[in-house]
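Q: I need the structure of the sequence given here:
(one chain, ligands or ions: 1)
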Amino acid sequence: MNILVTGGAGYIGSHAVRQLCEAGHEVVVLDSLVTGHREAVPDEVPFYQYDLAQTGPITELLVKHQVDGVMHFAALALVGESVRQPLMYYANNTAGAVSLLTAMKNAGVKKFVFSSTAATYGEPNETPIYETTAQTPINPYGRSKWFTEQMLYDEAHADPMFALTIFRYFNVAGATTDGTIGEAHDVETHLIPNILFAAMGKKDKISVFGTDYQTPDGTCIRDYVHVDDLVNAHLSAMTALTPGDVRVYNLGSGNGYSVREILDAAKIVIQHEIPTEYVDRRKGDPTVLLANSDKAKRELGWNPKYTDMKEIIETAWRWHISHPNGFAK
Ligand code: UFG
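A: Predicted structure coming up:
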């Protein structure tokens with residue numbers, strides 16, 4: 001298939017580009033490079049540095065490359081930033097999706113795979129979280145994705161030929177096994193890279209946010225899924241889409257790890273003490289986020305390969321230790 005990957009120079013998008021190319025698809029990348037890295041995209045892949053708001057040029061590239069389907073990863077994804085600058089999130093994530101969908105409509109492209117988030121569930125009212133669990137996002141980031149979901153359902157309702165898969169991601173981690181691409185954010189807020197930065201001396205220490213949660217060891221529990229497993233579900237979804245499909249899946253491993261458990265696993269993998277401080281809770285962190293992903297396994301034949309947290313951390317470590325400055329030379 002001919003696939004447009006938006007955000008293909010970003011963390012998850014670049015892994016998708018890699019897998020799509022390996023599977024023999026023709027890939028085109030659109031990325032504004034606001035947070036993405038040109039170096040993350042292979043030279044032979046056509047690359048367009050466009051903003052999602054550029055409906056006209058996006059329409060042209062869809063037509064030119066005879067795109068069959070779009071994987072839409074491009075988004076801003078920092079909860080704290082979204083609270084401080086909500087309009088930026090609604091402009092990029094929600095209005096950006098309107099523009100992209102308009103371009104698709106103009107070009108007659110009907111297949112769409114969308115990156116949504118567990119943040120659309122807010123403080124979930126049940127554990128584990130099913131696709132049917134009530135969605136009550138508690139920050140602008142979660143709402144920007146939730147609004148986009150609603151808009152997609154409306155478009156699917158209006159156009160019976162539209163074919164849609166929405167994935168709600170839990171905590172994406174790790175890097176491709178050869179260590180050549182990985183997570184490289186200018187401001188890194190995620191737990192695993194920050195633990196590894198503390199071990200490498202790139203950061204003084206890792207701060208553990210809160211030890212008084214109602215969990216066995218007092219720290220928050222999350223569901224970590226390897227980026228290559230996550231991306232693999234997108235390839236299955238894209239090839240399975242038929243007109244009129246409206247599919248929604250959680251993507252998580254179904255295993256919960258506390259912050260302390262992640263620290264312990266990291267110590268085993270890297271064989272190094274990790275300077276740690278224990279501080280107050282970070283605002284807005286739900287106690288437990290745990291996915292039930294049986295639906296993706298059942299309907300897409302999704303079979304995540306990384307079931308051991310140590311293996312996930314090992315792939316991240318390989319990337320960070322070989323690229324201490326990310327993609328910067
Ligand atoms: N944490 C620390 N110290 C840090 C960073 C994180 O203790 O330096 C803790 C957090 O408090 C949280 C856990 O580690 O309990 C995981 O935090 P992350 O920042 O790595 O990830 P989040 O769970 O906050 O959010 C991620 C994505 C969201 C997505 C969510 C869904 O960033 O976009 O997973 O599960 F919505």
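
Q: going forward, measure contacts between C-alpha atoms and count neighbours the same way
A: OK.

Q: Thr176 against Glu314, yeah?
A: No: in this structure, Thr176 is not within contact of Glu314 by CA atoms under 8 Å, at 10.4 Å.

Q: past the worst-scoring helix or strand of the chain on mean pLDDT, which element shows up next along the chain?
A: For the chain, using mean pLDDT, DSSP states H and E, the weakest element among its helices and strands is helix 79-84, scoring a mean of 93. Sequence order places helix 86-89 as the next helix or strand after helix 79-84, per DSSP states H and E.

Q: would you mind listing what in the stretch 51-200 of the chain touches the ligand?
A: Ala77, Thr117, Ala118, Ala119, Phe170, Asn171, Thr189, His190, Leu191, Asn194 (CA under 6 Å from any ligand atom).

Q: surely the third one is in contact with Arg168?
A: What it means is Ala118. Yes: counting by CA under 8 Å, Arg168 is a contact partner of Ala118 at 5.4 Å.

Q: got any residues that touch both of those two?
A: Counting by CA atoms under 8 Å, 6 or more residues apart in numbering, the residues touching both Ala118 and Arg168 are Asn250.

Q: in three-state terms, label Gly218 for me.
A: Per DSSP: H, G, I helix; E, B strand; the rest coil, the local secondary structure of Gly218 is coil.

Q: circling back to that earlier point, between Ala118 and Arg168, which one's more packed in?
A: Counted by other CA atoms under 10 Å, Ala118 and Arg168 do not tie: Ala118 has more neighbours, with 26 against 22.

Q: what sits against that one?
A: Applying CA under 8 Å, 6+ apart, we find Ala118 in contact with Gly142, Arg168, Tyr169, Phe170, Asn250, Leu289.

Q: mind listing the strands for this structure?
A: Listed in chain order, the strands of the chain (DSSP state E) span 2-6, 26-30, 47-48, 69-72, 111-117, 163-169, 171-173, 206-209, 221-226, 246-251, 256-258, 276-279.

Q: could I get those strands as JSON lines with mean pLDDT?
A: Formatted as JSON lines, these follow (pLDDT from 0 to 100):
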{"stretch": "strand 2-6", "mean pLDDT": "99"}
{"stretch": "strand 26-30", "mean pLDDT": "98"}
{"stretch": "strand 47-48", "mean pLDDT": "98"}
{"stretch": "strand 69-72", "mean pLDDT": "98"}
{"stretch": "strand 111-117", "mean pLDDT": "98"}
{"stretch": "strand 163-169", "mean pLDDT": "98"}
{"stretch": "strand 171-173", "mean pLDDT": "98"}
{"stretch": "strand 206-209", "mean pLDDT": "98"}
{"stretch": "strand 221-226", "mean pLDDT": "98"}
{"stretch": "strand 246-251", "mean pLDDT": "98"}
{"stretch": "strand 256-258", "mean pLDDT": "97"}
{"stretch": "strand 276-279", "mean pLDDT": "98"}
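
Q: what residues of the longest helix along the chain count as buried?
A: Ranked by residue count and defined by DSSP state H, the top helix of the chain is helix 140-158. For helix 140-158, burial by neighbour count (16 or more other CA atoms under 10 Å) applies to 140-149, 151-153, 156.

Q: just checking, what packs against it?
A: Under the contact definition 3 or more CA pairs under 8 Å, 6 or more residues apart in numbering; DSSP states H and E, helix 140-158 sits against helix 79-84, helix 86-89, strand 111-117, strand 163-169.

Q: mind checking how far that helix is from the chain centre?
A: Its chain's average C-alpha position is 17 Å from that of helix 140-158, according to CA atoms, centre = their mean, to the nearest Å.
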